[in-house]
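Engineer: Next input, structure requested:
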Amino acid sequence: MARFSKVFRFFRIIYFGRRSADNVLDWLITLWLGVIFFVVTKQLGGFPDFGKPMINITWMVSILLLLHGIWFVSHPEPPKINGYGLLFFPMIIYMFISYIFITPAPWLAKRELLVMIQGAVFYWVVIHNIRSKWHVWALMGILAAVVMYSLTMGIIQVFVRPDWLPMGRVQADQYFGRASGTFGVPNHFAAMLLLAGPLLVLVGASRLLRLELRLLAYFMAPLTLVGIILSGSRGAWIASFIVILMLPFICLSKIKHKVIIFLVLVLATIVLSTSLYVTSSMVKVRVDDFIANKGEKTRPTMWKAGWEIFKEHPILGSGLGSYALKFEKYRPEKWNKNARYTHNDYLNTLSDSGIIGLILVVLPAFIIFIKGFLKWKSLPFLAIPKGEHKRKTPLSKFFLGGTLLALLGFAIHLFFDFHLKIPTLVFLVAIYLAIVVKFISNRNLSLPTFSKWKGVYVSLFIILSVTLAYFGLKHFYGTFYYVKGKENMDKMFGDYDIMRENPDFVKNTAEFLTLATYWDAENADAWADLGFTIFNKHWYDPKNRVKYAAAALANFENALSINNEYWEYWAYHGIASSLIEEFKEDARHSYEMAIKFGPNNANAWYYYAHYLSKNQDTKKESIDAVEKVLRLDPDHKSALNLMSKLKL
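Structural biologist: Next up, the predicted model:
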């Protein structure tokens with residue numbers, strides 16, 4: 001009985017600590033952070049462009065903020081605030097200013113802003129509510145379990161079901177043979193493993209931990225490397241190589257040992273890389289493509305465009321979320337892919353937010369990293385722990401070193417992708433930065449006259465929680481319905497039989513897009529696609545073609561009132577205008593605006609050519625426009641058909 005009582009007291013101390021409301025809330029918040037991370041990771045990493053994953057996450061983060069507010073006012077004395085928690089606030093404020101006053105794409109800017117606000121909430125809450133080592137270990141244990149779950153699904157993708165994705169989606173053909181786990185893109189999956197691996201290695205290296213925990217860490221750490229290899233992410237391979245070679249400088253104290261292990265790791269890496277190249281067809285293809293293209297094939301084009309946009313808007317940037325729209329101006333000939341991001345987060349930030357934006361994003365993280373590194377250097381490699389007789393490396397040395405090394409690997413990987421747009425990765429980095437802050441700074445700012453202001457603070461947190469939920473849910477519900485409508489639209493685009501024979505399908509598509517504009521009236525894409533869908537109702541009801549064109553025109557004008565710099569909105573506007581007698585003269589202007597904003601976009605020129613082909617007087621201009629299309633895209637089927645008709 002005495003033994004049972006001792007065990008009970010041990011677990012009571014670990015899991016509950018002090019019997020107080022604020023400590024209970026700390027544990028509730030710790031577990032809730034883990035639940036949010038699990039939910040967002042298993043839903044495509046929360047990829048915000050799909051909308052649906054972020055609906056749940058938005059209300060969950062709002063509840064997290066509310067729980068933190070309750071904790072904040074549950075103290076009899078004023079809780080102390082850590083000043084480092086405010087470091088990223090200027091970034092959030094600047095993003096909000098860009099969303100309101102600068103960006104030509106407010107619906108995309110709002111999406112990025114909401115993700116970053118939620119990341120800032122994670123960062124703030126971890127700093128203030130993960131207050132004991134038991135909270136830290138509980139949270140890190142949940143994170144490790146989630147990473148292993150995603151890794152397991154990635155291995156299944158490679159060896160069993162290459163088309164599997166969560167949420168009932170199907171993996172894109174281009175990623176078959178590569179692991180993406182619970183993410184849609186293998187590179188994001190690799191980035192998560194890159195954040196997990198170094199910390200697992202360093203935790204396992206600590207002799208102060210129980211043997212079973214060290215063995216578990218050493219079991220999981222190599223698996224993260226396996227996952228990175230299976231992802232086929234060359235950027236992650238490069239980052240992993242650098243991180244692996246830095247391990248001896250973090251783990252060992254003697255220069256001789258560092259050099260020996262460094263050389264061993266160099267040799268081991270060369271042997272492993274050679275073996276994988278010889279035995280793995282996926283690795284061989286990825287390496288051969290890299291060599292054949294003298295590096296990346298598509299990314300340099302996107303990087304160059306991002307740099308040109310930055311040079312045009314060096315201080316403030318072109319506006320949050322605007323890269324995809326501004327890219328059209330710098331699209332090279334015969335480059336017919338869409339470019340949503342630059343695939344380099346530093347350059348994407350420069351392009352969208354200018355030098356000011358980059359400083360506000362990078363500088364706080366850099367300060368935390370450097371301060372963390374200096375703290376790591378100040379910790380002894382060897383010390384005599386309490387209750388021990390032999391000198392050992394403090395666990396804090398390994399834990400902080402692993403966290404910093406993981407952040408460094410992630411920072412390197414940011415040169416090759418857009419990880420700061422993915423909620424799971426934003427949340428995980430926020431947690432890591434907050435943990436580093438806990439090593440370098442204590443809560444040192446007290447609020448004056450706390451008891452008199454409790455009501456104000458409660459009201460403030462309620463307002464913040466409700467505001468985040470309201471605007472976040474409105475936007476992501478709008479995105480969710482837009483994606484459903486867009487997916488339907490893509491199925492019927494160019495397939496006139498679907499539109500003739502399935503009027504309900506067209507009507508349902510229009511209903512989805514109508515809901516999208518209801519939830520998020522700033523989404524110009526939704527307005528434009530709604531107009532296009534309404535216009536296509538004429539395929540099953542040709543008598544009312546002009547009526548549908550007029551209804552569509554109103555939606556195209558709504559899109560142009562939000563953003564008048566995108567070629568597709570002008571092209572759609574031209575199509576509808578050309579069918580309405582009183583607007584026919586405006587049609588040519590609309591098409592000319594389309595090719596102005598999409599000078600090297602094959603589809604923009606095709607719409608213009610098709611319009612010109614209807615008039616015998618502009619037949620030669622139409623042929624010239626079709627020739628332009630075929631220079632941009634020699635395999636453009638519609639342009640080839642049109643050219644055949646024009647030359648008859």
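Engineer: Provide the backbone phi and psi angles at residue 333.
Structural biologist: phi -60, psi 150 (degrees, to the nearest 10).
Engineer: State the distance from it to residue 598.
Structural biologist: 12 Å (C-beta to C-beta, to the nearest Å). Every residue, glycine included, has its C-beta placed from N, CA and C.
Engineer: Just want to know which of those two has more residues nearby.
Structural biologist: Between residue 333 and residue 598, counted using other C-beta atoms under 10 Å, residue 598 has the larger neighbour count: 23 against 12.
Engineer: correct me, but that one touches residue 567?
Structural biologist: Yes: counting by C-beta atoms under 8 Å, a contact exists between residue 598 and residue 567, whose distance comes to 3.1 Å.
Engineer: hey, what's in contact with both of those two?
Structural biologist: Contact criterion C-beta atoms under 8 Å, 6 or more residues apart in numbering; residues shared by residue 598 and residue 567: 328, 604.
Engineer: Averaging pLDDT per element, find the lowest-scoring helix or strand in this protein.
Structural biologist: Scoring the helices and strands of the chain by mean pLDDT, DSSP states H and E places helix 2-15 at the bottom, with a mean of 41.
Engineer: Give me the buried positions along whichever helix or strand comes after it.
Structural biologist: Downstream of helix 2-15, the next assigned helix or strand under DSSP states H and E is helix 21-42. Of the residues in helix 21-42, 22-23, 25-27, 29-30, 32-34, 36-42 count as buried by neighbour count, 16 or more other C-beta atoms under 10 Å.
Engineer: Stretch 157-166 too?
Structural biologist: Under 16+ other C-beta under 10 Å, the buried positions of stretch 157-166 are 157-158, 162, 165-166.
Engineer: what's the answer for stretch 489-505, then?
Structural biologist: Buried residues in stretch 489-505 (16+ other C-beta under 10 Å): 489, 492, 498-499, 502.
Engineer: Endpoints of it, how far apart?
Structural biologist: 9 Å (C-alpha to C-alpha, to the nearest Å).
Engineer: Now do the contacts for residue 478.
Structural biologist: Counted by C-beta under 8 Å, 6+ apart, residue 478 has contacts 51, 107, 515-520, 523, 526.
Engineer: go again using 6 Å as the cut-off
Structural biologist: Remark: with contacts taken as C-beta atoms under 6 Å, 6 or more residues apart in numbering, residue 478 is in contact with 516, 519-520, 523.
Engineer: which one of these sits closest to residue 270?
Structural biologist: Of all the contacts of residue 478, residue 270 sits closest to residue 523, with 50.3 Å by C-beta to C-beta.
Engineer: which parts of the helix ranked longest in the chain are buried?
Structural biologist: Counting by DSSP state H, the longest helix found in the chain is helix 454-492. The neighbour-count check on helix 454-492 (16+ other C-beta under 10 Å) flags 457, 461, 464-465, 468-469, 471-486, 488-489, 492 as buried.
Engineer: Residue 208 contacts residue 396, doesn't it?
Structural biologist: No: with contact defined as C-beta atoms under 6 Å, residue 208 does not count as touching residue 396 (9.5 Å).
Engineer: who does the helix or strand in which residue 368 is found touch, helix- and strand-wise?
Structural biologist: Assessed by DSSP H and E, residue 368 sits inside helix 345-378. On a contact count with 3 or more C-beta pairs under 6 Å, 6 or more residues apart in numbering; DSSP states H and E, helix 345-378 meets helix 89-97, helix 299-312, helix 395-413, helix 423-440.
Engineer: nearest to residue 575, of those helices?
Structural biologist: That would be helix 299-312 among those, by C-beta to C-beta, at 27.4 Å.
Engineer: And that closest one, how far out from the chain middle?
Structural biologist: 20 Å (C-alpha atoms, centre = their mean, to the nearest Å).
Engineer: Over the helix or strand following it, what's the mean pLDDT, rounded is fine.
Structural biologist: Scanning forward in sequence from helix 299-312 by DSSP H and E, the next helix or strand is helix 323-326. For helix 323-326, the mean per-residue pLDDT is 94.
Engineer: hey, C-alpha coordinates of helix 323-326 in CSV?
Structural biologist: Only the C-alpha atoms of helix 323-326 are listed here, as CSV (Å, rounded to 0.1, in the frame of the first residue of the first chain):
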residue,chain,number,x,y,z
TYR,A,323,3.3,36.9,-56.2
ALA,A,324,1.1,34.7,-58.3
LEU,A,325,-0.6,37.8,-59.9
LYS,A,326,2.6,39.8,-60.4
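Engineer: contacting residues around the closest residue to residue 138 other than its chain neighbours?
Structural biologist: Spatial nearest neighbour of residue 138, chain neighbours left out: residue 30 (5.5 Å); criterion: C-beta to C-beta, 6 or more residues apart in numbering. Residues near residue 30 by C-beta under 6 Å, 6+ apart: 135, 138-139.
Engineer: Would you point out the most distant pair within the buried residues of stretch 157-166?
Structural biologist: 158 and 166 (15.9 Å).
Engineer: Now residue 21. Nearest residue, chain neighbours left out?
Structural biologist: According to C-beta to C-beta, 6+ apart, the nearest residue to residue 21 is residue 74 (4.5 Å).
Engineer: What does the pLDDT read for the one you found?
Structural biologist: Note for residue 74: predicted pLDDT of 80.
Engineer: Can you pull out the low-pLDDT segments for this structure?
Structural biologist: The chain contains residues with pLDDT under 70 at 1-20, 76, 78, 382-393, 447-452, 493-496, 498, 648.
Engineer: ok, residue 376 touching residue 398?
Structural biologist: No: in this structure residue 376 lies outside contact range of residue 398 using C-beta under 6 Å: 9.7 Å.
Engineer: Show me which of the two is the more surrounded one.
Structural biologist: Using other C-beta under 10 Å as the criterion, residue 376 and residue 398 rank with residue 398 on top: 24 against 21.
Engineer: ok, of the contacts of residue 30, which one's closest to residue 633?
Structural biologist: residue 139 (50.3 Å).
Engineer: Roughly how far does the closest one sit from residue 174?
Structural biologist: Using C-beta to C-beta, we find residue 139 at a distance of 35 Å from residue 174.
Engineer: same deal with residue 567?
Structural biologist: As for residue 567, its distance to residue 174 is 25 Å (criterion: C-beta to C-beta).
Engineer: Settle it for me: which of those two has more neighbours?
Structural biologist: Taking neighbours as other C-beta under 10 Å, residue 567 and residue 174 compare with residue 567 leading, 25 against 8.
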